[in-house]
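Student: Just to be clear, the model below is a prediction. Sequence and coordinates:
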Amino acid sequence: MNETAFINETKNNGQNARRSHHPEQTKVNLVNRLRRIEGQIRGIARMVDSDVYCDDILNQITSVEAALGGVRKGLLEAHIRSCVVDQIEDGRYEVIDELMRTIGRMSR
C-alpha cells in the first residue's frame, strides 16, 4: 500500500479507520481497568469538592497516574503483539516508524 492510500485509509470523517483486533479478554481487561480509573477520578473530584487535605488528594492522583501507566503498558504490549506484528507480516514496515513515534511521545 502506498503512503497516500495508507493516509486515505486512516481518514474517515476525522476518525481513524484502522481497527485493532485484540482478543476479547484483552479488551475486557483494559475496559475494566479504565472504568476503575474513571471511578478513582470521580473520587478525586469529590475529594476536591469536599475540601479534603491536599496531600491526600495528591496521593490519589499519583495512584491514578500509576494505574493509567499500567493500562498504557498493557495496551502497548497488545499493540506490538498483534497490530504491529500483523502489519510487518503484511510487508507494511511503516508501522515501525509509527511505533517509534508513539514510544517517543510516551517517553516525554
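Tutor: Yep, that arrived.

Student: Helix or strand for residue 55, just tell me which one.
Tutor: helix 54-79 (DSSP states H and E).

Student: what about whichever helix or strand comes after that helix, distance to the chain center?
Tutor: Beyond helix 54-79 on the C-terminal side, the first helix or strand identified by DSSP H and E is helix 85-89. Centroid displacement of helix 85-89 relative to its chain, using CA atoms, centre = their mean, to the nearest Å, is 20 Å.

Student: Confirm residue 18 sits in a strand?
Tutor: No - with DSSP: H, G, I helix; E, B strand; the rest coil as the criterion, residue 18 is assigned coil and is not in a strand.

Student: Nearest residue to the middle of this protein?
Tutor: residue 72 (4.9 Å; CA atoms, centre = their mean).

Student: State the distance from it to residue 58.
Tutor: Residue 72 sits 21 Å away from residue 58, going by CB to CB, to the nearest Å. Bear in mind the C-beta positions are built from the backbone N, C-alpha and C, glycine included.

Student: Next, count neighbours for residue 18.
Tutor: Residues lying near residue 18 (other CB atoms under 10 Å) number 11.

Student: Now the terminal residues of stretch 89-96, how far apart.
Tutor: 12 Å (CA to CA, to the nearest Å).

Student: Return the residues in contact with residue 30.
Tutor: 71, 74-75, 78 (CB atoms under 8 Å, 6 or more residues apart in numbering).

Student: Reformat those residues as CSV; add neighbour count, distance to residue 89 and pLDDT.
Tutor: Below are the contacts of residue 30 laid out as CSV (neighbours: other CB atoms under 10 Å; distance: CB to CB, whole Å; pLDDT from 0 to 100):
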residue, neighbour count, distance to residue 89, pLDDT
71, 16, 26, 97
74, 14, 22, 94
75, 16, 20, 96
78, 18, 16, 94
